[in-house]
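>>> Model the following, please.
(chains A, B, C and D)
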Protein chains: 2
Amino acid sequence: MKQKKKTNPPGRIKIMKSLSNLMSQKDFHSITTAEIARNAQVTEGLIYKYFKDKKDLLYQVLNEHFYEFLAKIENRVANEKTCIEKIEVVIFSSLESYADNRIFSRILFLEVRNSPDFFDSVAYDMVRKYTRTILEIIEKGMEKGELKPDIDPLTLRKVILGAIEHACLGEIIFGKELNIDEVSFGIANIVFNGAKA
Amino acid sequence: MKQKKKTNPPGRIKIMKSLSNLMSQKDFHSITTAEIARNAQVTEGLIYKYFKDKKDLLYQVLNEHFYEFLAKIENRVANEKTCIEKIEVVIFSSLESYADNRIFSRILFLEVRNSPDFFDSVAYDMVRKYTRTILEIIEKGMEKGELKPDIDPLTLRKVILGAIEHACLGEIIFGKELNIDEVSFGIANIVFNGAKA
DNA sequence: ATTTGTGAGTAAGTATTACTCACTAATTTT
DNA sequence: AAAATTAGTGAGTAATACTTACTCACAAAT
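Residues are numbered from 1 along each chain as shown, chains lettered A, B, ... in the order given. Here you go, the predicted model:
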């Protein structure tokens, strides 16, 4: 086996930093490769030495962001005991993280999903890890009898993830203020106790 | 007031039909204006006589699709009496309509949302009508005491819409088969009765 | 001491794309 | 029939993602 390539040349780092900066100002689609290069003080061609294409660059930048996102949530979840508490923490932490990092959420929810190659990227591996964690919490909760036995774990996850996402979307798209405590409590209340009188 | 412009020249119609056709084969972003024109047997320039830009054309095509989508749902909802039944119908019909019309859903969920101007379009007026209908059902359900008084209607709507959307996304992105009966029942069950044992 | 090889970076392209504009042809109004 | 409006054309243009042929520094290998 060949020696592991671990060189990370300055140009490469500058390019990633450059995109990361630009993303806080405008959406990915309207950032041009020329702009990325100029901002990084590098020529355009160099981008294509280190990255397959513009999207590949994006995915690698996203991956870093998502890594921190996940670490925070998993830490907090580990501190909780019951399934219900864990899920409450997932809902709250997700909303909080997305709100703290709007640009990142924007891109995740609105920009990368329509590129099939995103789902082959390292960044999506992170997403998968996140959703699998949630599924495991649910399954364990059912085993322990904390959740009703007749519900489908996958459907429950759909409801939870969907609610989180939808709550974020309003904020991302319209810039509406989101009361995280209130909304996360509200979601958890509906999901666990139901809305029927 | 000026006379209402109601002329709908053949070229204009052909262009919209052309895009509509192409959309069933590939995603909007990878459809070129040249392709639209060729397919409509019209020159490229004509597109810009009738439509502000490529997106404007898309929104007008989407609008037509959404109109039918909404009409179906509203009809069915009108046949139900209780709030809970109405919402069940909304969930089921939405899933069904999205599944019947994948391309349309794809575009709605994945392609147009990252363009701010979508939210000023006629197509988005339709979306607004759809979500307002749901909110009204919820509010009426609370008045009648069918739903718990302590839940926030907006949050409940978030959970419902989020769940619907998330359920569709798997289908749209990964082409997973969606058992509409099962999933819509599952969602309604969680939302109304809660998941807690 | 010379050759060979390589990783970092550049400069000047190219092809594709959405969009424009000056024009003509057809149709409607006066 | 003349004028005016509407329908449609076709040849551009600017911008942009990506490519390709190249240079330079420098490290081993011969």
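>>> Could you list which residues are in contact with the residue positioned nearest the centre of chain A?
Geometric centre of chain A, nearest residue: A:Phe66, 5.4 Å, by Cα atoms, centre = their mean. Neighbouring residues of A:Phe66 by Cβ atoms under 8 Å, 6 or more residues apart in numbering or on different chains: A:Phe104, A:Leu108, A:Ala123, A:Met126, A:Val127. All C-beta spots, glycine's among them, are computed from the backbone N, C-alpha and C.
>>> try 10 Å this time
A:Phe66 makes contact with A:59, A:97, A:101, A:104, A:108, A:122-127, A:129-130, according to Cβ atoms under 10 Å, 6 or more residues apart in numbering or on different chains.
>>> hang on, it in a strand?
No: assigned with DSSP: H, G, I helix; E, B strand; the rest coil, A:Phe66 falls outside any strand and is helix.
>>> State the number of residues packed around the nearest residue to A:Ile138 once chain neighbours are set aside.
Nearest residue to A:Ile138, sequence neighbours excluded (Cβ to Cβ, 6 or more residues apart in numbering or on different chains): A:Pro153, at 4.5 Å. A count of neighbours around A:Pro153, defined by other Cβ atoms under 10 Å in any protein chain shown, yields 18.
>>> Tell me, what's the model's pLDDT at A:Pro153?
Predicted confidence (pLDDT) for A:Pro153: 97.
>>> can you pull the buried residues of the lowest-mean-pLDDT helix or strand in chain A?
Among the helical and strand segments of chain A, the one scoring lowest on mean pLDDT, DSSP states H and E is helix A:102-106, with a mean of 87. Residues of helix A:102-106 classed as buried: A:Ile103, A:Phe104, A:Ser105, A:Arg106 (neighbour count, 16 or more other Cβ atoms under 10 Å in any protein chain shown).
>>> same for whatever helix or strand comes next after it, what does it pack against?
Where DSSP states H and E defines the elements, the next helix or strand beyond helix A:102-106 is helix A:122-143. If you count contacts as 3 or more Cβ pairs under 10 Å, 6 or more residues apart in numbering or on different chains; DSSP states H and E, helix A:122-143 packs onto helix A:54-78, helix A:83-100, helix A:153-174.
>>> Out of these, which is closest to DNA strand C?
If you check each of the helices and strands packed on helix A:122-143 against DNA strand C by Cβ to the nearest atom of the strand, helix A:54-78 wins as the nearest, at 13.5 Å.
>>> re earlier: just send the contacts of A:Phe66 back as a markdown table, with distance to A:Ala78 too.
Listed next are the contacts of A:Phe66 as a markdown table, based on distance: Cβ to Cβ, whole Å:
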| residue | distance to A:Ala78 |
| --- | --- |
| A:Tyr59 | 28 |
| A:Ser97 | 16 |
| A:Asn101 | 21 |
| A:Phe104 | 23 |
| A:Leu108 | 23 |
| A:Val122 | 24 |
| A:Ala123 | 23 |
| A:Tyr124 | 23 |
| A:Asp125 | 20 |
| A:Met126 | 17 |
| A:Val127 | 20 |
| A:Lys129 | 14 |
| A:Tyr130 | 14 |
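>>> Restricted to buried residues, select the residues you listed in ChimeraX.
Entered in ChimeraX, the line below selects the buried ones among these, by 16+ other Cβ under 10 Å:
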select /A:59,97,101,104,108,123,124,126,127,130
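>>> Could you count how many residues lie near A:Glu143?
So A:Glu143, with other Cβ under 10 Å, has 11 neighbours.
>>> what residues are up against it?
So A:Glu143 contacts A:Cys83, A:Pro149 (Cβ under 10 Å, 6+ apart).
>>> And it, how far from A:Ile137?
A:Glu143 is 11 Å from A:Ile137, where distance means Cβ to Cβ, to the nearest Å.
>>> if I look at the two, which residues touch both of them?
A:Cys83.
>>> Which strand or helix spans the nearest residue to A:Gln41 once chain neighbours are set aside?
Nearest non-adjacent residue to A:Gln41, counting by Cβ to Cβ, 6+ apart: A:Lys14, 6.6 Å away. Element membership for A:Lys14, per DSSP H and E: helix A:10-23.
>>> Tell me the buried residues in the very next helix or strand once past that helix?
Per DSSP H and E, helix A:10-23 leads on to helix A:33-40 as the next helix or strand towards the C-terminus. Residues A:Thr33, A:Ile36, A:Ala37, A:Asn39, A:Ala40 are the ones in helix A:33-40 that count as buried (16+ other Cβ under 10 Å).
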